[in-house]
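Q: let me see the structure of the following:
(chains A and B)
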Amino acid sequence: MKKPYAVETQPGRALWEVRLLGDLSGPPSEDGRRNGFNGPPERREGFPVPSARLGLWIFLGTVTMLFAGFTSAYLVRQAGPDWQPLPRPPILWVNTGVLLLSSVLLEIGRRRSASVHRWASGATALGVLFLLGQLLAWRALRAQGIYLPTNPHSSFFYILTGVHGAHVLGGVIALLSLLVLMWRGASEDRVCRRLALCATYWHFVGGLWLYLLLVLFLF
Amino acid sequence: MVGEHSARVHEEPVSFWRRYIFSTDHKVIGIQYYLTAMAMALVGGTLAMLIRLQLGWPEAKWPLLAKIFPRGMSGGVMNPDFYLALITMHGTLMIFFVISLGLVSGFGNYLLPLHIGARDMAFPFLNMLSYWTVVPACVIILASFFVEGGAAASGWTAYPPLSAVEQAVPGSGLGQTLWLLGMALFIASFTMGGLNFVTTILNERTRGMSMMRLPLFIWTLLIASILGLLAFPPLTAAAILLLFDRHGGTSFFLPSGLYFGERVLPHSGGSPLLWQHLFWFLGHPEVYVLILPALGIALDLLPPFTRKPIFGYRLTVYSLFAIGVLSMIVWGHHMFVSGMNPYVGEFFAIGTLAITIPSAIIGFNLIASLWGARLQLRTPALFALGAIAFFGTGGLGGIFLGNATSDIQLHDTYFVVGHFHFMIGGVTLLALFGGTYYWFPKMFGRMMSERLGKLHFWLTFLSFYAVFLTQHFLGLGGMPRRYYAFSKFEFLAPIRDMNAFISIAAFVLGAAQLIFLVNFFWSLFRGARAEQNPWRATTLEWVAPTPPPHGNWGETVPEVHRWPYDYSVPGAPEDFTPQTVPPTVVTVTQ
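A: Numbers count the residues shown, from 1 in each chain, chains lettered A, B, ... in the order given. The predicted structure is shown next:
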C-alpha cells in the first residue's frame, strides 16, 4: 500500500531530487485548479516543480539574503573598539534542542499518515515552546542588566533573535493553518502538499537558528 | 471538479469591489499599479519643478507659493530644510514609487501573463496583497510632508547620521521614521511581486513557449526580479538596524562624539560607512532593476516598427545575465571618496568597467536592429529610439564615473546628477511612455492620439537633453549637487547663470508631460477604436481579444511555435508571423 505522506523515489528522479524539490506525483497542479480557474489541467512549459514550492524556495532565498545582510553588518561591527562579548544564556541550548526536536516530529509525521495530525500538533507546540524559551533568554539577560543598547553584541543578539523569532512565528502560524486544514478534513493530497511546504520552511528556520547561534557565540 | 471535456469555467468576479478594487486579475492590478505610479509621478514631478525654481532663481520671492507652502516657503523664499526634503522625496518617489511601480510592477503585471500565454500570475492573491501593501506605503510617504519637521531630508540614500539622529535636521524626526516605514512596506510589496514574477515566468509558460522564445521584455523582468529579490533584503536588514539606532539607543551606524544642540549623544563605535555599503549593495542592483525592463521595452518596441527581427537575441540574453551577476559586485563605485583602500577601489572600478561590456552589447544590438529597417516613425518607435539615444549618452558619462580616478573629481557634482537622470530617469521614462503608447490599445481598446504623442515626444526629448546634458557641464565646472544655492561661491560665478536656462528647460519638460496626461485621458474616452492587433505585431498579447477578458484566452490557451520576432519571413503571407502560427504554414526560423 502506498503511504501518501512518505518520501518515495519516483521514476526518473533521484531520491535527493525528490527530497529537495518535493513529492511530485504528477505534473504541477494536477488537481485542475490553477490561478482560480476551474477545468481540466492545461499543458504548460515549466519546471517540474509546483509553483508553490518554487515560490517557497525563492522566498527562502530572500530570507537568506536578509540574514546575509545582518551577518555582514555583524562582522563589520564586531571589529569595532567597543565590542564586548555577551555571556551566553544557558537556556539557548534547551531552546535549540526544542526547535530541532520539533523538526524531527514533523518528519516522523510525514512518514505516518494515520497519526500525522498528532505529530504535527506536537511540532507546533514545540515551536511555541521555542518562542517562549527565547523570551526567557531575553529575561535572563535583562536580569543581568544587559539591554538592547548596552553594547553592540547585545544589540545584535536582541535584534537577530527577534527577527528570527518573527520568522518562527510565521512558521507556527503556517503549521496552525495546516492543523486547521487537517481538522476540517481536507483531502489527503492537499494536506500532504501543504505539509511538505510547511516542513521545508520549518527545517529552514531550524537551520537558520543553528547558523545564528554559530555567528553570535562561536565566531 | 469540472469534467474532463467540459468548457473551462472562469470564475469572473461580479461585484464591483472584487472586480476593480480588490481584484486578483493581473490586468486590473497592472493598471492599478500604473495609475498609482502616475499619481506619484505628478507629486514627484511637482517637487522637481520646485527644486528648479529654487536653483534657477535662488534669491527670488514667490508670494503665491508662500500661501501653498506656508512653512517651507515662509515669506515666499524657500527654506533650506524644505529644499533638502524636496530633493530627498523627489528621488525616493521617482525611483521607488514611479519607475519601480509603473515600469516593473505596472507593465510587468499587465503584460507578463499575456506575453507568456498564462491565464494569470502564479499567485494571484499574493499579487493583490502586493498592490494593497504598496498603497499604504504611498500614503505614508506622502503623509510625511505634513508632519512636524516635514518630510525626510537625508537624501534618497538616507545616510546616517542625518537619518539616524532625530534632532539632526527637522526632517530627521517623524518624517524620517515615516520614510523608513513607507520603504519597509514598499520592499515587502516588491518582494511579493518579484517572487510572483520569477515563479510565473519559470512555471506558467504556455505550450511551446520555451525560455529562448520569451520576448526580451520578459527576460529583463526575470533578471530584474531576481536582482530585486537578492538586493532588497540586505537593505531591509540595514533599515531595521537604522530604526534601532533611531529609537532603541543602539550604535550600529553612529560613531562616538556626535554633538547635537550642545549635547553629546550617547552613541559610540558605530560606522556610518556600514550603512553606505549596505545601502549601495541594494542601490546599485536597483538601478538595473529599473533600467533593464526599460531596455526590454525598447528592444520589444523596435521590431514592430522596423519590420525585422531584433538583432542578437541570444547575445542580449547572455548580456542580461552578465549584467545581473556583475551588478551585485560593483556597489563600491558609489563610495570611491569614502576613503576605501585603493585596491578595493580598483576592484570596484574594474567591475564597473566590465559591466559596460554587456551593457554596450545590448546598446549595439539595439542600434544594429535598425540596420536595413523599414522604419515606421510612429509614436512608440520614436520613444524607443529616444531611449537608445539616452542610453548611449548616459552610458558614456558612466564610464567617467566608474573610474575611481575621474570619479574623485566628479563625485557629488552635477555630472552625476546629469548621468543618472539620463539612465534611470530618461531611459526608463521614455520606455514607460513608449510602452504606454504601444500597449494602450490592448489595455483600453482605444488608440492614443499620434499628433499629441509626437509633440509630447519631441518636447520631452529635446528639453531632457537641454536639462541634463547641460548639468554634465556644470559638474565638470565643479558645481556640487544637493546644495541649496550657489550664490556665495565665487568659482561658480561664470557658470551659475546656466541654472536659469536649465530651469526653463525643466519647466518645458514638466509642461510636456501635461500633454501626455491630456492625451491619456482623452484617448481613454474619445480615442479611435483599436483593432485587435493595430501594430501588426507577433507577440501573444495581440492574439488575445481586446481588451483581454478575465482569464485572457477564452476557451483554450494559445500554443507557441516560434520566437517572438518573426517579421518579414521570406515566403510568409504577411510581413509578420504571430508566435501561434504553426510551422506547417510558415517555416520556423528560430
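
Q: alpha carbons only for contacts and neighbour counts from here, please
A: Will do.

Q: state the helix or strand in which B:A224 lies.
A: Under the criterion of DSSP states H and E, B:A224 resides in helix B:216-247.

Q: what is that helix packed up against?
A: helix A:51-78, helix B:108-116, helix B:174-203, helix B:272-306, helix B:313-327 (3 or more CA pairs under 8 Å, 6 or more residues apart in numbering or on different chains; DSSP states H and E).

Q: can you check which of these gets nearest to A:G122?
A: Proximity to A:G122 (CA to CA) singles out helix A:51-78 among the helices and strands packed on helix B:216-247, at 23.3 Å.

Q: which residue, other than its chain neighbours, is closest to B:I223?
A: Among residues not flanking B:I223 along the chain, B:G324 sits closest, at 6.4 Å (CA to CA, 6 or more residues apart in numbering or on different chains).

Q: which residues are in contact with that neighbour?
A: Residues in contact with B:G324 (CA atoms under 8 Å, 6 or more residues apart in numbering or on different chains) are B:223-224, B:227, B:285, B:288.

Q: ok, so of those, who is nearest chain A?
A: Minimum distance to chain A across these is 10.4 Å, recorded for B:L227 (CA to the nearest CA).

Q: ok now do the closest one, which residues does it touch?
A: Taking CA under 8 Å, 6+ apart as the test, what B:L227 contacts is B:285-286, B:288-289, B:324.

Q: any idea of the pLDDT on it?
A: On pLDDT, B:L227 comes in at 96.

Q: same question for B:A7.
A: For B:A7, the model assigns a pLDDT of 37.

Q: cool, B:S105 as well?
A: In this prediction B:S105 is given a pLDDT of 96.

Q: circling back to that earlier point, and the angle for the helix holding B:A224 with helix B:174-203?
A: Angle between the axes of helix B:216-247 and helix B:174-203 is 150 degrees (criterion: axes from the mean of the first three to the mean of the last three CA atoms, to 10 degrees).

Q: what's the farthest-apart pair in the contacts of B:G324?
A: B:I223 and B:P285 (10.5 Å).

Q: more neighbours: the two, which one.
A: Using other CA atoms under 10 Å in any protein chain shown as the criterion, B:I223 and B:P285 rank with B:P285 on top: 26 against 22.

Q: please name the nearest non-neighbouring residue to that one.
A: Nearest to B:P285 is B:S327, by CA to CA, 6+ apart, at 5.4 Å.

Q: is the one you found in contact with B:T356, as I believe?
A: No. Because the distance of 10.5 Å does not satisfy CA atoms under 8 Å, B:S327 is recorded as not touching B:T356.

Q: who has more neighbours, these two?
A: Using other CA under 10 Å, the more surrounded residue of B:S327 and B:T356 is B:S327, with 24 against 19.

Q: do you know how far that one is from B:Y110?
A: 27 Å (CA to CA, to the nearest Å).

Q: could you do B:P564 as well?
A: B:P564 is 18 Å from B:Y110, where distance means CA to CA.

Q: now do B:W280
A: Using CA to CA, we find B:W280 at a distance of 30 Å from B:Y110.

Q: which helix or strand contains residue 128?
A: All of this is about chain A. Here A:V128 sits within helix A:116-143, counting by DSSP H and E.

Q: wait, I meant chain B there
A: Assigning secondary structure by DSSP H and E places B:M128 in helix B:124-143.

Q: for the residue lying farthest from the centre of chain A, give me its contacts.
A: For chain A, the largest distance from the centre (CA atoms, centre = their mean) belongs to A:P81, which lies 35.6 Å off. Going by CA under 8 Å, 6+ apart, A:P81 touches B:G269.

Q: per-residue pLDDT, it?
A: pLDDT at A:P81 comes out at 86.

Q: mind checking the SS state of it?
A: At A:P81 the chain is in coil, as set by DSSP: H, G, I helix; E, B strand; the rest coil.

Q: return the most buried member of the helices and strands packed on helix B:216-247.
A: Most buried of these by mean neighbour count (mean count of other CA atoms under 10 Å in any protein chain shown) is helix B:108-116; its value is a mean of 26.

Q: chain center to that one: distance?
A: Here helix B:108-116 is found 17 Å from its chain centre; the criterion is CA atoms, centre = their mean, to the nearest Å.

Q: check whether stretch B:574-586 contacts chain A.
A: No. Stretch B:574-586 does not reach chain A (CA under 8 Å from any CA of the partner chain); its nearest approach is 14.6 Å.

Q: and that stretch, C-alpha only, in CSV?
A: Provided in CSV are the C-alpha atoms of stretch B:574-586 (Å, rounded to 0.1, in the frame of the first residue of the first chain):
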residue,chain,number,x,y,z
GLU,B,574,2.3,38.7,-44.3
ASP,B,575,5.3,40.6,-43.1
PHE,B,576,4.6,39.5,-39.5
THR,B,577,4.1,35.9,-38.3
PRO,B,578,2.5,35.7,-34.8
GLN,B,579,4.0,33.2,-32.4
THR,B,580,0.9,31.0,-32.7
VAL,B,581,1.3,30.3,-36.4
PRO,B,582,2.2,26.6,-36.8
PRO,B,583,5.3,25.6,-38.7
THR,B,584,3.1,24.0,-41.4
VAL,B,585,2.0,27.5,-42.5
VAL,B,586,5.3,29.4,-42.2
